[in-house]
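Engineer: Need a 3D model of the following:
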Amino acid sequence: MEIQDVRRYRLKQLIADRYAGSQAKLVEETGENQGEISALLRTKSFGEKKARKLEQKLGLPLMWLDTMEASESVTRTEFGSAPTAISTAEKAMVSLVWVDQGELVLLTAYRQATELGKSTIMAAAEISEKSSGSLLSHQS
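Structural biologist: Numbering: from 1, shown residues only. Modelled structure (predicted):
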């Protein structure tokens, strides 16, 4: 599945979950153009800049539109109108983790990788960790 297809799927999911299937309600909240939203859901190019802009306007976590999550629904927090994505199976166990941009890129690549790709990434991380550990022990 191409990244634009993932973004379309996630936007459709968001509209269904948060706006009861109404594009008009999303448009009203974000100020986006109705025709553009409709086009994004069909065939219009759904690029990186547009995805990040929509996530920001909708109060979604960075890269939310780019990830496929099973059994995830979008709800609003108790502390205001800012939305947050919470897995229905994990609503009782929510935590916030801050990562820098480099870590975010790596995590995103890992989440989108095939099983072989994930194995390769983990092997490289272990080698890197061992190398860092041996460098630290030599410095002491």
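
Engineer: could you give the mean pLDDT of stretch 57-69?
Structural biologist: Stretch 57-69 carries an average pLDDT of 85.

Engineer: buried residues in that stretch?
Structural biologist: For stretch 57-69, the neighbour count (16 or more other C-beta atoms under 10 Å) marks 58, 59, 60, 64, 65, 66, 67 as buried. Using the backbone N, CA and C atoms, a C-beta is placed for each residue, glycine as well.

Engineer: The fifth one and residue 58, how far apart?
Structural biologist: Distance check for residue 65 against residue 58: by C-beta to C-beta, to the nearest Å, it reads 9 Å.

Engineer: tell me which of the buried residues of stretch 57-69 is nearest to residue 3?
Structural biologist: Lowest distance from residue 3 to these (C-beta to C-beta) belongs to residue 66, with 6.2 Å.

Engineer: care to break the chain down by domain?
Structural biologist: 3-90, 101-139 (automatic domain parsing).

Engineer: out of those, deepest packed?
Structural biologist: With neighbours taken as mean count of other C-beta atoms under 10 Å, these reach their highest mean count in domain 3-90, at a mean of 14.

Engineer: residue ranges with poor pLDDT in this structure?
Structural biologist: The model of the chain has pLDDT under 70 over residues 69-100, 132-140.

Engineer: where do the helices sit along it?
Structural biologist: Listed in chain order, the helices found in the chain under DSSP state H are 3-18, 23-30, 34-42, 48-58, 101-112, 115-139.

Engineer: From the contact counts, what lies against the third one?
Structural biologist: For helix 34-42, the helices and strands in contact under the criterion 3 or more C-beta pairs under 8 Å, 6 or more residues apart in numbering; DSSP states H and E are helix 3-18, helix 23-30.

Engineer: 10 Å instead?
Structural biologist: For helix 34-42, the packing partners by 3 or more C-beta pairs under 10 Å, 6 or more residues apart in numbering; DSSP states H and E come out as helix 3-18, helix 23-30, helix 48-58.

Engineer: swap in the second one?
Structural biologist: Applying 3+ C-beta pairs under 10 Å, 6+ apart, one finds that helix 23-30 makes contact with helix 3-18, helix 34-42, helix 48-58.

Engineer: Tell me which residues are up against the shortest one.
Structural biologist: Contact partners of helix 34-42, identified using C-beta atoms under 10 Å, 6 or more residues apart in numbering, comprise 4, 7-9, 11-12, 15, 23-24, 26-28, 30, 32-33, 44-47, 50-51, 54.
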